[in-house]
Every structure is written in structure tokens, then in C-alpha cells.
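>>> I need the structure of the sequence given here:
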Amino acid sequence: MQKSKENQGSIRVKLADGLKRITCQGSKKRTGIYVNSETGESDFPKFEKIPRMLLSEFELGHHEGSFEDPTNTEKQVIFGDMNSRHQSRRQVLPRTTGRQSKQIYKQEVSKPVLRYKQIRLMIHKYGDTIKGVAELLKMSTKTIRKILMKYKDPQNRHEELDEQIIVRSKSHKKYPKEEEYIKFIQEVARNPSFDRLNSVSFIINKMHGKFGAEKNFKRTTVYSWMKKAGLKYRKAKYNIRPNKNEFLLNQAQQFHLWKMSKAIFEKKMLIFLDETYVSNQTLPTKLWFLASEDPKVNIKPKEHRATIVAACSMKCWESFQVIFDSIDSVHYAIFLLTLHQQLSEKYRGFELVFIYDNARAHIGRQCRELFSELPFVRQPAYSPQLNLIEYAFSHFKREYRKQIMVKDRQVSQEQLVFLTMEKVGRVHFNQARWEFHEFLLKKMKNEIL
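Coordinates of the predicted model:
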């Protein structure tokens, strides 16, 4: 039993001819690794799927990276160069403001106007009965008789009566305990178990349990009571994305900022690595909230959760893989070593620099020994704003939620992630890169000045 546990999810390192030969084995359910193979400037990336490798071998040579803190004069040169690149990209890629999706406005259709003349013609000219006209126009027979009596009055002129508009007021059934019902709705809305999506049906069921199942509560009437109780159908704010505006750099983060900026200035190929979590849980855009409430919803999507480990460069998405579980050091090593092998061939002549955060799967003992000779830059703690892939993931998740709301049930989660990656494409990635550059320049300018 112990041998089987050791074999599952293990990394073995062997030295042969001065090179490290690494054997990775993992048992978790995961897809193959998708690597971006495009070379053109198309809006949609082209991913090729590498066959799934439960047992993989990689050979690594010796790599070194120069990541010294630049001097003050070098900082001025680096900042000027990055600022000029940023402004040149601004002319090519205008920054969009507000929502990316188009706003669709409902076309206002004017309601038909009903006049006295139509009632007179239907009765006298076409020979309809008062009861038939009332059923057709959904009016009371009493109102129609009052209109016909006005035509019999000799003091009223028929031409003036024909142009008069019939004001139709909605007749609602009077409930003697309306105030009590409104207070009860307010109590239900303050309860944490309040169903904010299907609120009308939820409240009717609660009212039947409180006031008796024999009560006939109409949906339109309950809807009007909900509005009187202060409930509004508002756009929900999901507490998912962290606030990137208020972020002060400490000494370690400033040092990391200039290391990364110097590598960009020296035209090294930066590869940003991270993982994110997605699920098949649909998120509605609007929910019911009290007017005094903040429409925020904390979500913890645990059901049908999948891990997406991905990598991107300053140019585009480079690779991704879907793991139907949490990630560990074994699968992270398989993904990274496969990526290193592919990108070394794709970007020949460039020095690859991998940037990763402090997740447990990234900084474990096995990974430290495995990647000791690779040029890695480790992010300071609690600094996601200094990683480009975090900005790209925000656009990816936004498109993923749009896809999941309209997806077919036959589409698997792997296909859904693949379609979203293609949908994000180059345009959305350029937008994320713009936000990342803008943040870096803002922090660099504050430090220099």
C-alpha cells in the first residue's frame, strides 16, 4: 500500500550527462495541455492539444537570469521606454470605456388610445351588444352605459364627445390586511434564507404558510406589495474581483516591480503563470434587494469546480490546462516543463523568465529542487496586481460567465473553457495588457517622482 501511495503523484529527478532528467507522474483527472501555436495577428488564438502524458520525461540544461536592481539612471531610462511603448499602443488600441457589450434598449411601443367614438360606432353602427363590447375591451358594462348616456344628453355635442379619451384605471382587489402583509414581506426580505432570484413565488409560499393556504394571493398584487415594502429588482454586485486601485507597494514589491520592468526593457520573454477556478454555477445578473441594502453577493462556487492552470507572455495567451480538482506540485511541474519545452522552440533566441506567485503548489520542496536552474522570479506575498495573468483572468472569467449562461447542456466543461479562451482572443488580452501597463507606469512614476 505504501508503494502505491509513493508512486501516485511523484516527481523523480535523475542526473545523466550533466542534465537533469525529470519523471513526473500524476493520477488526477485532467485534460491535455493546450499550447498556442499561432504566429499571426488574428483576433482568435489557435491552440493545439498536446496528448495527455501521465508519465513524462524532460531534459533541462543550465539557465541563468540576471535580475539585479537597476540604478536610478537606469530606472529613468526604463520608465521612459515603457511609457513610450504604452503611448504608442494607445494609438493602435483605443481604450474602451464602460461595458464591452452593446446596450440593447427596448423599443417603446405606444399603447392604443381608446376614445368615446369607438364605443359609439361599435354599438350603433356595427350592432354589438354592451356585454359583447365589455368582454372585447375588458371594460365594465357600467362604464359603457355611462358613455352612451352622455350621447343622449342634448347639451353635449357629439363631435366633442367622439374625441374624448377613455381613462382606464386598473381595479385591484382590496385586501383589509395589506399593511400587515407588507410588514411580513419586509421581515422575509431581511432573512438570510430569502430567495432573491425567484422572490415572488418564494414570498407567496411564505404568505400561504403564515396566513393560510386558502388565501388567493395574485402574483401582480404580491409584486405591488413588494415594491411598497421597499424591494427593488437591482443589478447584483458579486464579490469576486479584488479592488486593484488602492494598492501601496512595500519594499519587496517595489524591488519586484523594477526587476520585472528591467527584464521587459532588456526584451526578455516574460512568462506569467497562475491558476484560477471556474464552475458550472450560473450567476444571474439581477436579484431582489431592499432599497437600503447593498446589492453584494458573496459566492463560493464549489460544485463542479475545475482548476485552469495557464500561462501568458506579454504577447498573448501561451498555454492552459483544465484539471478537474485542485492543483498540486506534480501537475504544476508537468504543465510547466511541457510549457518550457514548447516555448524554448517557439521563442528561440529569447531568454525565458517565468514569474509565479507563492501558492503551495509553486513553492513546494520538490518544485524548488526541480526549477532551481530555471530563471524564475517569485512574486512578493499578496501582490496579484503585479502579475499580468491576473488581469487576463478577469476578462476570461467575464466571458466564461457569458458562455455558461447560454451554453448547451451537451457542451463539456473542457469545451466551454476552450471556447472561452478563443472568445477572449487578442482584443481582450490587449485590454488586460493595457491595464497591466497602466498600473506599472503609475507605480513607477510615483516612485521616481
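>>> show me which residues of stretch 184-204 are buried.
By 16 or more other CB atoms under 10 Å, the buried positions in stretch 184-204 come out as 184-185, 188-189, 194-196, 199-200, 202-204. (Each C-beta comes from the backbone N, C-alpha and C, glycine too.)
>>> and what of stretch 335-344?
Neighbour counts over stretch 335-344 (16+ other CB under 10 Å) mark 335-343 as buried.
>>> so of those residues, which ones are in helices?
Among those, DSSP state H puts 335-343 in helices.
>>> now residue 77: which helix or strand?
Residue 77 belongs to helix 72-92 when assigned by DSSP states H and E.
>>> before we move on, back to that, what's the most distant pair in the buried residues of stretch 184-204?
Distance extremes for the buried residues of stretch 184-204: the farthest pair is 184 and 196 at 17.2 Å, using CB to CB.
>>> so what's residue 352 closest to, chain neighbours aside?
In space, and not counting its chain neighbours, residue 352 is closest to residue 269: 5.2 Å by CB to CB, 6 or more residues apart in numbering.
>>> roughly how far does residue 187 sit from residue 219?
20 Å (CB to CB, to the nearest Å).
>>> how is this structure partitioned into domains?
Following automatic domain parsing, the chain resolves into domains at 2-94+252-448, 116-162, 178-238.
>>> what about the shortest one, distance to the chain center?
Spelled out, that is domain 116-162. Remark: domain 116-162 is offset 57 Å from the chain centroid, using CA atoms, centre = their mean, to the nearest Å.
>>> cool, and the first one?
Centroid separation for domain 2-94+252-448 versus its chain: 18 Å, with CA atoms, centre = their mean.
>>> contacts only, for residue 324.
Contact analysis of residue 324 by CB atoms under 8 Å, 6 or more residues apart in numbering lists 28-30, 306-307, 413.
>>> can you redo those residues as TSV with secondary structure, distance to residue 320 and pLDDT?
Output for the contacts of residue 324, formatted as TSV (DSSP: H, G, I helix; E, B strand; the rest coil; distance: CB to CB, whole Å; pLDDT from 0 to 100):
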residue	secondary structure	distance to residue 320	pLDDT
28	coil	16	75
29	coil	16	80
30	strand	11	82
306	strand	11	84
307	strand	11	88
413	helix	13	80
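>>> between those residues, which is nearest residue 277?
Closest to residue 277, out of all of the contacts of residue 324 and judged by CB to CB, is residue 307, at 5.8 Å.
>>> what number of residues lie near the closest residue in space to that closest one that isn't next to it in sequence?
Using CB to CB, 6+ apart and skipping residues adjacent in sequence, the residue nearest residue 307 is residue 323, 4.4 Å away. When neighbours are defined as other CB atoms under 10 Å, residue 323 has 20 of them.
>>> so residue 323 bridges to which residues?
Beta-bridge partners for residue 323, by DSSP bridges, are residue 30, residue 307.
>>> that one reaches residue 310, doesn't it?
No - applying CB atoms under 8 Å as the test, residue 323 and residue 310 come out as separate, 11.2 Å apart.
>>> which stretches of the stretch 301-449 of the chain form helices?
Using DSSP state H, counting those that start in this stretch, the helices found in the stretch 301-449 of the chain span residues 329-346, 360-363, 365-370, 388-406, 413-448.
>>> thanks again, I'm all set now.
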